[in-house]
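# Here's a sequence, model it:
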Amino acid sequence: MRTMKGIPASPGIQQAPAWKYESDDIEVSRAPVGDPSSEWQRLTHALERARSQVAEIHIRALSEVGSSEAAIFEAHRMFLEDPALLARARQGIFQSEISAEAAWAEGFEYYAAKLEGLGDELLRARAADVRDVGALVLRILLGRERSSKPSPSAPSIVIARDLTPSDTIGLDRAFVRGFATMEGGPTSHTAILAKALQLPAVVGLGQRLFEVDDGALVLIDGERGEIVVEPDVAAAEAFARRSKEVQRIEQEASEHAEEPAQTTDGHRVEVVANIGRVEEARAAIGLGAEGVGLLRTEFLYLERSYAPSEEEQLHAYGEILDAFESRPVVVRTLDAGGDKELRYLDPTPEANPFLGWRAIRLCLDRPDLFKTQLRALLRASVGHDLRIMFPMVAILDEVRRAKNLLYEARKEVEAAGHRTASAIQVGIMVEVPAVAVMADQFAREVDFLSIGTNDLTQYTMAAERTNQRVAYLGDACHPAVLRQIRGVIKAGHQAGIWVGLCGELAGDPQGIPILLGLGLDEFSMAPGFIPHAKALIRKWSFAGARELAALALDLDSAPAVRAAVAASSPA
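As a prediction, the model looks like this:
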């Protein structure tokens, strides 16, 4: 029996034989060819075939994982049409007179390496996307469109070095019971898609994982981040008991999802959803969401050659607000930049775009773009509880300038004869440590604060979240992050405003009781986690959660905090 610890990526508990996924090794020759025109025609036909296959995968992903996660494959389609890449491949064929395979491979690897060189976790994921769709075209050119081992044919735990989005979606869901990978982190595509598929996943297990033989019995616990290989009788029996208990808890949570999240001693908090499209809005309501804590608006701006109009945005926001009726909906204004590049803005390349011209910084420099969004939101607000939130704020001047533009937008809407809601709350995301440190001053400028722990943790610990070498640093349960969260909540309450949290920690079973004890007012998470989060909150007393939070703040590491939570009792 062997137990391996990795990074929890998607909750759940399952057992099945191991099925090792090994992607094809693709080698291409750079030997010169005789007819460049023929090679270009081969590449053109392969790209057409690849676009057709990506469209098929996208349709399948829409039905299996939802529109937000399926957007990964829209990015793949855009890559296949990228004019810079096509020009580079054409140059290789006609000037260097190399084969279509070699020219294409050199082209996509050049761009993948550039993305990796920027060093950001999300750009690293984008580099994997480039290689994923690049390999698809190569297989078509080489006549190897199907892997020799396309999918398990019996219930299995999939073992892999890493899984690309098309790998993951291509597997037969009827037989996949979970994912275990050598590489990756909690925000990798494997983690994102596993959560959407509601399958357990453990990533970052390291080289030892490939010592597991095909067919070996594997127990996987996505919440604890561990797998057990060839368990002995005692381990198997303990796992079976835990599995049965987890199933009972999940069933009970689903049955009571519509009930409020209230502690045993009467303290009430709100549990709301992070969403990105109208389809997710409807699903979230069915899972017990009391509103929206984060509506990502980038879906309107990405994957197009021009900015969305005011009328187009009005329609989209109106659909989502109508779905939630009178429930509160917090809309994050455009958070472009970083991995979400808007080509029609002609951005200047930056060494580290995640610390550069993005989010509120971009919007303040482009008031035409920003006010179009603000006008659409204001017009959509009538009859709804719309709340507007500015992302990636770092200094007070940004808040004041953004509020001034919102004021101007309101005047423009009213001058055009349109109505707006009489009162709209305005808040900011606390993602930058500078804002957490000065939260008392920011709290006097806004109606609410929403903590984005994914970025706050990354910036606090100076650790890229999916870099396996520093993954041990990227845990939002670290006391350095928790103390900032405590300070933000305290500053908000002293100013008489509410404080929410829309990072991964809000849906983390080990993070929830600490956040509860710190006095967090609103927990915003992926819709699928809402029933379980509500059920967990109902088990705790507010007094008990406060004691646990006080203990956690005095510990010296994230593992120590998680151990304290695991040893605690909700009673």
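# List the contacts of Gly288.
By CB atoms under 8 Å, 6 or more residues apart in numbering, Gly288 lies in contact with 257-259, 271, 530-531, 534. C-beta coordinates here come from the backbone N, C-alpha and C atoms, glycine included.
# List the ones among those residues that fall in strands.
Val271 (DSSP state E).
# residue contacts, Thr190?
Counted by CB under 8 Å, 6+ apart, Thr190 has contacts 9, 162-163, 168, 179, 181, 184, 201, 203.
# and which of these is nearest to Ala50?
Distance ranking of the contacts of Thr190 against Ala50, using CB to CB, places Thr168 first at 17.8 Å.
# Quick check: longest helix in this protein by residues?
Longest helix in the chain, counting residues (DSSP state H): helix 36-65.
# Tell me the helices and strands packed up against it.
Judged by 3 or more CB pairs under 8 Å, 6 or more residues apart in numbering; DSSP states H and E, helix 36-65 is in contact with helix 67-80, helix 83-94, helix 100-117, helix 121-141, helix 165-170, helix 189-197.
# follow-up on the earlier one: Phe299: which of the contacts of Thr190 is nearest?
Thr168 (21.0 Å).
# circling back to that earlier point, return the set of buried residues in the longest helix of the chain.
Applying a neighbour-count criterion of 16 or more other CB atoms under 10 Å, the buried positions in helix 36-65 are 36, 39-40, 42-43, 46-47, 50-51, 53-54, 57-58, 61, 65.
# now, among the contacts of Thr190, which is nearest to Glu312?
Using CB to CB, the contacts of Thr190 come closest to Glu312 at Thr168, 31.6 Å.
# how much space between the residue lying closest to that closest one once chain neighbours are set aside and Pro260?
With CB to CB, 6 or more residues apart in numbering as the criterion, Thr168 has its nearest non-adjacent residue at 4.7 Å, and that residue is Leu193. Leu193 sits at a distance of 31 Å from Pro260 (criterion: CB to CB, to the nearest Å).
# same question, Ser309
39 Å.
# now Gln15
For Gln15 relative to Pro260 (CB to CB), the value is 35 Å.
# what about those two, which has more around it?
Gln15 (20 against 14; other CB atoms under 10 Å).
# Quick check, pLDDT for that one.
If you check Gln15, the pLDDT there is 92.
# do Met389 as well
Listed pLDDT for Met389 reads 98.
# For it, pull up the helix or strand it's in.
strand 385-390 (DSSP states H and E).
# Same question for Gln15.
In the assignment (DSSP H and E), Gln15 maps to strand 13-21.
# Could you list the low-pLDDT ranges of the stretch 401-550 of the chain?
Applying pLDDT under 70 to the stretch 401-550 of the chain picks out residues 464-469, 471.
# all helices for it, in order.
Along the stretch 401-550 of the chain, counting by DSSP state H, counting those that start in this stretch, helices occupy 433-437, 439-443, 453-461, 479-494, 512-518, 530-539, 542-553.
# among these, which is the most enclosed?
Most buried of those, by mean neighbour count (mean count of other CB atoms under 10 Å): helix 512-518, with a mean of 26.
# on contacts alone, who are the packing partners of that helix?
Using 3+ CB pairs under 8 Å, 6+ apart, helix 512-518 sits against helix 479-494, helix 530-539, helix 542-553, helix 558-567.
# Save these as a markdown table, and put in distance to Gly517 too.
A markdown table is the format used below for the helices and strands packed on helix 512-518 (distance: least, CB to CB, whole Å):
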| stretch | distance to Gly517 |
| --- | --- |
| helix 479-494 | 10 |
| helix 530-539 | 11 |
| helix 542-553 | 3 |
| helix 558-567 | 10 |
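# Compute the inter-axis angle for the worst-scoring helix or strand of the chain on mean pLDDT and helix 36-65.
Least confident helix or strand, the chain: helix 67-80 with a mean of 74, by mean pLDDT, DSSP states H and E. Interaxial angle, helix 67-80 versus helix 36-65 (axes from the mean of the first three to the mean of the last three CA atoms, to 10 degrees): 180 degrees.
# which other helices and strands contact helix 67-80?
helix 36-65, helix 121-141, helix 165-170, helix 189-197, helix 278-286.
# Now tabulate the ones you listed in CSV and tack on distance to Gly487.
CSV is the format used below for the helices and strands packed on helix 67-80 (distance: least, CB to CB, whole Å):
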stretch, distance to Gly487
helix 36-65, 37
helix 121-141, 26
helix 165-170, 38
helix 189-197, 29
helix 278-286, 30
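# Would you mind confirming that the residue nearest to Thr168 is in contact with Ile169?
Yes - Leu193 lies in contact with Ile169 (CB atoms under 8 Å); the separation is 6.9 Å.
# Which one's more surrounded, those two?
Ranked by neighbour count (other CB under 10 Å), Leu193 and Ile169 place Leu193 first, with 25 against 22.
# Relative to Phe529, how far out is that one?
16 Å.
# tell me, how many neighbours does the residue nearest to Lys195 when sequence neighbours are not counted end up with?
Nearest residue to Lys195, sequence neighbours excluded (CB to CB, 6+ apart): Ser10, at 4.5 Å. Residues contacting Ser10 under the criterion other CB under 10 Å number 25.
# Quick check, pLDDT for Ser10.
87.
# Turn the contacts of Gly288 into a markdown table, columns for distance to Arg361.
Below are the contacts of Gly288 laid out as a markdown table (distance: CB to CB, whole Å):
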| residue | distance to Arg361 |
| --- | --- |
| Ala257 | 39 |
| Glu258 | 40 |
| Glu259 | 41 |
| Val271 | 31 |
| Ile530 | 32 |
| Pro531 | 37 |
| Lys534 | 36 |
